[in-house]
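**Q** please work out how this folds:
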Amino acid sequence: MTTIWSQHPGPRTVRNDVNALECGIPKHFGLYYAMGTALMMEGLLSACYHVCPNYTNFQFDTSFMYMIAGLCMLKLYQKRHPDINASAYTAYACLAGVIFFSVLGVVFGKGNNVFWIIFSVIHILATMLLSTQLYYMGRWRLDWMVHIIYTDSIRQCSGPMYIDRMVLLVMGNIVNWSLAAYGLLERPNDFASYLLAIAICNLLLYFAFYIIMKLRSGERIQCLALVCILFTAVVWGLALYFFFQGLSTWQKTPAESREHNRDCILLSFFDDHDIWHFLSSIAMFGSFLVLMTMDDDLDTVQRDKIFAF
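**A** Alright, predicted model coming up:
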C-alpha cells in the first residue's frame, strides 16, 4: 500500500503533466489499493484459521485468495482496455459468485454428482465466454457472433483473423477443459483448493498470454520488470516447495494432523509451513510489483499507438 501511495500522483499533478495525459497506459490505482487490502485481509484471516484449523474457517483466507486472483486478472485486462472499465458492482458480484460456489462445493460437493456436473458446465461456458471476450477485445455481441460464424466459418471457410491470439486461447481452453474433466471424474474432497487451483491456473495463463502478446507486438520488458519477474518466480518456486511438505491438514482431527509435524528448521522455532507463509507473502508482493512495472516501457509512447489485446 505504501508503494502504491508513493507512485500515485495527485489530480493536479496529472492535469499539469501533458506526458501523463497523452502517453503510456492510463494509471488507474483503484484496483491496486483493492489488491493491497485483499492481501492484508488474507493474511489476517489466515492467522484466524491457524488458531484452530477446521472444516469451517478454512474458507476464510481462501476467499480472499480468490479475490486477489480475480483482481489481478481484472487489472491485466484493464491495462489494455482502459476505456472498458468494469463496474465495481459487476466485478465484485462475480467474485461473490465464485465464493458462493466455493461454499456450495465445500458443503454439498462431496460425492454429489449433480453439483459437479452443474459446476463443470458453468466452468466450461465461462471459459468460452471469456475466450471470446479476449479474442474480440470486448467488441462483440451474441447476434454479431452468430453472423460472423455463419459467414466466415461456414460459407467462406476462412481461418481465424488473429492467429496468435487464437492459438494461445485454444491452449488456455484445453487447460480449463482438462481441469473441468478432472473435477468431474475425480470429484476431489477439498473443493476450495480445487477452485483455487482453477483461479491460479487461469491467472498464470492470462499473465503468459499478456507477456507473449506484448512481445509479439514489438514491445519490450524493461530491466526492473524483468528482475521482478525472475525474483518472483524463484520465490514462488521455493514457497510452493515448502507448501507441499504437508505438515498439517484441516481434514483430520488435531491429534491426527500433529502426526505429520516435523522439527522446526528455522531458528529452532519456525517449521516448513511457517516458511511457506514468509515466502508466499514476499512472492505476492513481488507479483504486485510485476503488475506495476511490466508496462513501464510504454510511458513515453502515444496512447493511440499502444496495441490492445
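**Q** what's near enough to touch Ser102?
**A** Counting by CB atoms under 8 Å, 6 or more residues apart in numbering, Ser102 touches 59, 62-63, 66, 191-192, 195. Just so you know, the C-beta spots here come from the backbone N, C-alpha and C atoms, and that holds for glycine as well.
**Q** confirm it sits in a helix?
**A** Yes - the assignment for Ser102 is a helix, going by DSSP: H, G, I helix; E, B strand; the rest coil.
**Q** tell me the pLDDT of it.
**A** As predicted, Ser102 sits at a pLDDT of 87.
**Q** please report phi then psi for Leu266.
**A** Torsion angles at Leu266 (phi, psi; degrees, to the nearest 10) stand at phi -120, psi 120.
**Q** residue ranges for the helices of the stretch 1-150 of the chain, please.
**A** Along the stretch 1-150 of the chain, counting by DSSP state H, counting those that start in this stretch, helices occupy 2-7, 11-16, 18-22, 30-51, 58-80, 88-108, 113-135, 142-148.
**Q** let's have the ones you listed in JSON lines, adding distance to Met171.
**A** Converted to JSON lines, the helices of the stretch 1-150 of the chain look like this (distance: least, CB to CB, whole Å):
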{"stretch": "helix 2-7", "distance to Met171": "33"}
{"stretch": "helix 11-16", "distance to Met171": "39"}
{"stretch": "helix 18-22", "distance to Met171": "36"}
{"stretch": "helix 30-51", "distance to Met171": "26"}
{"stretch": "helix 58-80", "distance to Met171": "17"}
{"stretch": "helix 88-108", "distance to Met171": "23"}
{"stretch": "helix 113-135", "distance to Met171": "11"}
{"stretch": "helix 142-148", "distance to Met171": "21"}
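**Q** quick one: which of those is nearest Met213?
**A** The closest of the helices of the stretch 1-150 of the chain to Met213 is helix 58-80. By CB to CB, the value is 8.6 Å.
**Q** and the closest one, what's buried?
**A** For helix 58-80, the neighbour count (16 or more other CB atoms under 10 Å) marks 58-80 as buried.
**Q** what mean pLDDT does it have?
**A** The pLDDT scores in helix 58-80 average 86.
**Q** please apply the same query to stretch 35-48.
**A** Per-residue pLDDT over stretch 35-48 has a mean of 88.
**Q** next one: stretch 286-305
**A** Here the average pLDDT along stretch 286-305 is 87.
**Q** what comes up buried for that stretch?
**A** Burial within stretch 286-305, assessed by neighbour count using 16+ other CB under 10 Å, is assigned to 286-295, 298, 301.
**Q** so which of the residues you listed sit within helices?
**A** Using DSSP state H, the subset of these located in helices is 286-293.
**Q** and the helices of the stretch 1-150 of the chain, which is most packed in?
**A** Highest mean neighbour count of the helices of the stretch 1-150 of the chain: helix 58-80, a mean of 20 (counted as mean count of other CB atoms under 10 Å).
**Q** hey, C-alpha coordinates of that one in PDB?
**A** The C-alpha trace of helix 58-80 is given here as PDB (Å, rounded to 0.1, in the frame of the first residue of the first chain):
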ATOM      1  CA  PHE A  58     -10.500 -23.000   6.100                       C
ATOM      2  CA  GLN A  59     -12.700 -20.900   3.700                       C
ATOM      3  CA  PHE A  60     -11.800 -17.600   5.400                       C
ATOM      4  CA  ASP A  61      -8.500 -16.900   3.900                       C
ATOM      5  CA  THR A  62      -9.200 -18.900   0.700                       C
ATOM      6  CA  SER A  63     -12.000 -16.500  -0.200                       C
ATOM      7  CA  PHE A  64      -9.500 -13.600  -0.300                       C
ATOM      8  CA  MET A  65      -7.200 -15.700  -2.400                       C
ATOM      9  CA  TYR A  66     -10.000 -15.900  -5.000                       C
ATOM     10  CA  MET A  67     -10.400 -12.100  -4.600                       C
ATOM     11  CA  ILE A  68      -6.700 -11.500  -5.300                       C
ATOM     12  CA  ALA A  69      -6.600 -13.800  -8.300                       C
ATOM     13  CA  GLY A  70      -9.700 -12.100  -9.800                       C
ATOM     14  CA  LEU A  71      -8.400  -8.600  -9.100                       C
ATOM     15  CA  CYS A  72      -5.100  -9.400 -10.800                       C
ATOM     16  CA  MET A  73      -6.800 -10.700 -13.900                       C
ATOM     17  CA  LEU A  74      -9.100  -7.600 -13.900                       C
ATOM     18  CA  LYS A  75      -6.000  -5.400 -13.600                       C
ATOM     19  CA  LEU A  76      -4.300  -7.100 -16.500                       C
ATOM     20  CA  TYR A  77      -7.400  -6.700 -18.700                       C
ATOM     21  CA  GLN A  78      -7.800  -3.000 -17.600                       C
ATOM     22  CA  LYS A  79      -4.200  -2.200 -18.700                       C
ATOM     23  CA  ARG A  80      -5.000  -2.700 -22.400                       C
END
